[in-house]
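**Student:** following is a predicted model, sequence given first.
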Amino acid sequence: MTADDFGLHEAVNEAVDRASTAGVLTAASLMVGAPATEAAVQLARRLPQLRVGLHLVLADGWAVLPRRQIPALVDGDGRFRNRMFVDGMRYFALPGVRTQLAAEIRAQFAAFARTGLQLDHVNAHKHFHLHPTVLGMILRIGREFGLRAVRVPQEPLWFSRRGAVLAGTASTALLAPWLAMMKGRLRAQGIAYNDQVFGIACSGSLDEATLLEILARLPPGVTEIYLHPATRSETAVAASMAKYRHTDELAALLSARVLEAVTATDAVRGGYRDLEPPAPARTHPAK
C-alpha cells in the first residue's frame with residue numbers, strides 16, 4: 001500500500017511514520033517541492049522498510065524550478081494551476097511550453113536523486129502522467145535517474161463504479177485507449193507497472209470498510225492500493241482537499257482488522273523493487 005503526497009504537510013509525514021511502523025503501509029510517493037519535503041526525506045531515512053518513489057507535481061502544487069525559468073507553467077507564487085485540460089492542450093501544441101515542462105520534470109527527478117533515497121517508482125499528482133507528452137518525458141528523463149516502475153491508474157470496473165455507476169463506467173471506457181497506450185509504452189521500455197490500482201474512485205475516503213472490501217476481493221496480479229493518510233483532515237492539509245477524510249484513511253492503515261486481512265492474502269508486500277522483474281506471467285503480489 002502506498003501513501004501519496006508524502007512531504008505535503010507535517011500531518012502527512014506523521015501519518016506515514018505511524019502507518020509504516022504499524023506494518024501495513026509499505027511505500028510512499030514523495031512530493032519533492034512541497035513544504036514538508038525535507039522532513040519527509042529525513043523520516044524516510046529512518047524507515048528503511050519504506051519504499052519511496054517520486055510523486056511528480058505538474059498540477060495543483062509547487063514547482064521545483066523558480067518561476068523565471070518556467071513562467072509558462074506556474075503562477076506568481078511558483079505553483080502549478082489546477083487546470084489540467086487546458087495545460088494538457090498546451091503541452092501538446094506549444095513547443096516552448098514543452099521545453100519548460102521537460103526542464104521541470106528533470107528538476108524534480110534531480111531533486112529526488114539528491115535525497116539519496118532509492119527510487120522505487122514514479123507517478124504524477126492527479127495522474128497527469130496519463131498525458132502522452134508527460135509520460136514520454138518521464139520515460140526519457142527518468143531513464144537517466146534509474147526509473148524502473150510507473151503506476152498505471154487503471155481501477156477495476158466493479159470498484160470504479162462506487163458512488164456513481166454511470167460516471168465510473170464512462171470514465172473507465174474513456175480512459176481505456178490511453179491506458180492501453182500507456183502500458184504498451186512501458187512494456188516496450190522494460191518498465192514495471194501494476195495490473196490494477198485502487199484509490200481513484202474513493203480518493204480521500206478509503207476507510208477501513210472499503211479497504212477490507214478490496215482485500216477480500218483482491219484480484220490476481222500486481223495491485224497498488226494508494227491512500228492519502230494524515231493526522232489532520234480536509235483543508236488543514238491542503239485547500240484542494242476540503243472533502244478528504246485523511247484521518248479515516250490513517251485509521252484504516254492502523255486497523256488491526258486490516259493488518260490481519262493483508263496478512264491473510266499471503267501476498268508479496270513492499271514496493272515495486274520487491275517484485276520480480278517485468279515478465280509475461282505475474283502472480284498476485286500486492287502493495
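**Tutor:** On my side now, so go ahead.
**Student:** which pLDDT does the model give residue 170?
**Tutor:** Reported pLDDT at residue 170 in the predicted model: 52.
**Student:** the protein: helices as residue ranges?
**Tutor:** Secondary structure of the chain (DSSP state H): helices located at 10-22, 37-46, 84-93, 95-115, 132-142, 157-160, 165-188, 208-216, 246-253, 256-264.
**Student:** right, so these: which one is the most enclosed?
**Tutor:** For the helices of the chain, the largest average neighbour count (mean count of other C-beta atoms under 10 Å) is found in helix 246-253, namely a mean of 23. To be clear about C-beta, it is placed using only N, CA and C from the backbone, and glycine gets the same treatment.
**Student:** got a list of contacts for it?
**Tutor:** 1, 11-12, 15, 18-19, 22, 24-25, 204-208, 210-211, 227-234, 237, 258 (C-beta atoms under 8 Å, 6 or more residues apart in numbering).
**Student:** 7 Å instead, please
**Tutor:** 1, 15, 18-19, 22, 24-25, 205-208, 211, 227-233, 237, 258 (C-beta atoms under 7 Å, 6 or more residues apart in numbering).
**Student:** what angle do it and helix 10-22 make?
**Tutor:** Put simply, helix 246-253 runs at 10 degrees to helix 10-22, going by axes from the mean of the first three to the mean of the last three C-alpha atoms, to 10 degrees.
**Student:** please compute how far helix 246-253 lies from its chain's middle.
**Tutor:** Centroid displacement of helix 246-253 relative to its chain, using C-alpha atoms, centre = their mean, to the nearest Å, is 17 Å.
**Student:** average pLDDT across it?
**Tutor:** What helix 246-253 shows for mean pLDDT is 96.
**Student:** that helix versus helix 256-264: what angle between them?
**Tutor:** Using the same axes, to 10 degrees: helix 246-253 against helix 256-264 is 50 degrees.
**Student:** low-confidence ranges in the stretch 1-150 of the chain?
**Tutor:** Along the stretch 1-150 of the chain, no part satisfies pLDDT under 70.
**Student:** now for residue 47, how many residues are close by?
**Tutor:** The number of residues packed near residue 47 is 15, by other C-beta atoms under 10 Å.
**Student:** again with the one 5 residues further on
**Tutor:** Each residue near residue 52 was counted by other C-beta under 10 Å, and the total is 28.
**Student:** show me what contacts it?
**Tutor:** Contacts of residue 52 by C-beta under 7 Å, 6+ apart are 28, 30, 44, 117, 120.
**Student:** low-confidence stretches in the stretch 151-287 of the chain?
**Tutor:** Low-confidence segments of the stretch 151-287 of the chain, defined by pLDDT under 70: 163-172, 234, 276-287.
**Student:** 80 - rerun?
**Tutor:** Scanning the stretch 151-287 of the chain with the threshold set as pLDDT under 80 gives 161-174, 234-236, 276-287.
**Student:** hang on, the earlier thing: closest to residue 72 out of the helices of the chain?
**Tutor:** helix 95-115 (4.8 Å; C-beta to C-beta).
**Student:** which one of the helices of the chain lies nearest to residue 70?
**Tutor:** Residue 70 lies closest, by C-beta to C-beta, to one member of the helices of the chain: helix 95-115, at 4.3 Å.
**Student:** how big is the angle separating that closest one from helix 84-93?
**Tutor:** Angle of helix 95-115 versus helix 84-93, following the same axes, to 10 degrees, is 110 degrees.
**Student:** quick revisit: can I get the contacts of residue 52 in CSV including distance to residue 80?
**Tutor:** Shown next, in CSV, are the contacts of residue 52 (distance: C-beta to C-beta, whole Å):
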residue, distance to residue 80
28, 21
30, 17
44, 24
117, 23
120, 24
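**Student:** against residue 129, how distant is residue 159?
**Tutor:** Plainly put, residue 159 is 21 Å away from residue 129 if you go by C-beta to C-beta, to the nearest Å.
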